[in-house]
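can't give you the sequence, but here's the structure:
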């Protein structure tokens, strides 16, 4: 936290941009109302966080739980899937999420997330709807779609599905990433993520949205694998102007497989010296009862406002970032 100053009571966003933000919130809600998607609210406090080793949840220990740790949600995903399993039909949420250790031009530990789920959709149909939302809110044209493999081949001349550690190391050296403290040479996913961030992502979404899909199976997270090519997952990300805006899945509905992935995440946490986190048994029970086939996506709403405003710092589109909270 930065030291306080006589003027740090003031918002970092101008009133003009706060009005723009309010207009985008209203336009987004109208978009989903026109399509019959139900707005829902789920708890900010959760008994179980995401297990993803790349995410760090903020915690608290309120008296009402007897001092038991609860977590400020990094995403409303688990609770929203429980609603889907209970028969809610298509749902969306516009609300707060929290991630520790994330502060920069595009990150604030407290941020606004737009997340929605569409029963009966696969990830391709959901990409269509994301494109429609971006046209409605940003006025963007139709986007291009690339597989993860195509994006790497186009911008780095590397096939990420077949490359071994030596080939990845040569590619990394060619873009000035020969040594990264804490990243072992055999951590292929770590190196591919770094290469994507430095060598691919800045080139994406420059003439309109770019949808990158068919991520490696090792990066599937909560997406199902492609039955025709199990090397890849039904996952996509959306980029506009070199900015990662959204992450979506053709959702995994298999409870035993989801438990296996949670356990693998905790094993990776142990390997990295990170604390293990409890597995969400309520979500697993919902999956076992029957999550309808669906696709879902989470979009960083603050980044959407940044793109609409043409600014490059998140502090310009939120009233009070963490330093002034």
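Okay, I see it. Here the structure is a predicted model, which means the values were calculated and not measured.

Tell me the helix or strand right after the helix or strand that residue 212 is a member of.
Under the criterion DSSP states H and E, the helix or strand holding residue 212 is strand 210-216. The helix or strand immediately downstream of strand 210-216 is strand 225-226, counting by DSSP H and E.

That following strand - what's its average pLDDT?
Strand 225-226 carries an average pLDDT of 96.

And the next helix or strand along the chain from it, what does it pack against?
Sequence-wise, the next helix or strand beyond strand 225-226 is strand 229-240, with elements assigned using DSSP H and E. With contacts defined as 3 or more Cβ pairs under 8 Å, 6 or more residues apart in numbering; DSSP states H and E, the secondary structure elements packing on strand 229-240 are helix 123-138, strand 210-216, strand 225-226, strand 243-250. Quick note: C-beta positions are derived from backbone N, CA and C, even for glycine.

angle of strand 229-240 against helix 123-138?
Between the direction of strand 229-240 and that of helix 123-138, the angle (axes from the mean of the first three to the mean of the last three Cα atoms, to 10 degrees) works out to 0 degrees.

who does strand 229-240 pair up with?
Take DSSP bridges as the rule and strand 229-240 pairs in its sheet with strand 210-216 (antiparallel), strand 225-226 (antiparallel), strand 243-250 (antiparallel).

Now render those strands as a markdown table, adding distance to residue 5 and mean neighbour count.
A markdown table is the format used below for the strands paired with strand 229-240 (distance: least, Cβ to Cβ, whole Å; neighbours: other Cβ atoms under 10 Å):
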| stretch | distance to residue 5 | mean neighbour count |
| --- | --- | --- |
| strand 210-216 | 40 | 23 |
| strand 225-226 | 52 | 17 |
| strand 243-250 | 30 | 23 |
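
Mind putting the ones you listed into CSV with distance to residue 288?
Putting the strands paired with strand 229-240 into CSV (distance: least, Cβ to Cβ, whole Å) gives the following:
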stretch, distance to residue 288
strand 210-216, 26
strand 225-226, 19
strand 243-250, 19
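
can you tell which of those strands is closest to residue 31?
Closest to residue 31 of the strands paired with strand 229-240, according to Cβ to Cβ: strand 243-250, at 14.2 Å.

what's downstream of that closest one, the next helix or strand?
As assigned by DSSP H and E, the chain's next helix or strand after strand 243-250 is helix 255-272.

what's the following helix or strand after that following helix?
Towards the C-terminus, the helix or strand next in line after helix 255-272, according to DSSP H and E, is helix 281-290.

on contacts alone, who are the packing partners of that following helix?
helix 77-85, helix 255-272.

Return the most buried member of those helices.
For the helices and strands packed on helix 281-290, ranked by mean neighbour count under the definition mean count of other Cβ atoms under 10 Å, the leader is helix 77-85 at a mean of 21.

Okay, angle between that helix and helix 281-290 too, please.
Interaxial angle, helix 77-85 versus helix 281-290 (the same axes, to 10 degrees): 30 degrees.

What helices and strands are in contact with helix 77-85?
In this structure, helix 77-85 makes packing contacts with strand 91-98, strand 110-119, helix 281-290, strand 294-300, judged by 3+ Cβ pairs under 8 Å, 6+ apart.
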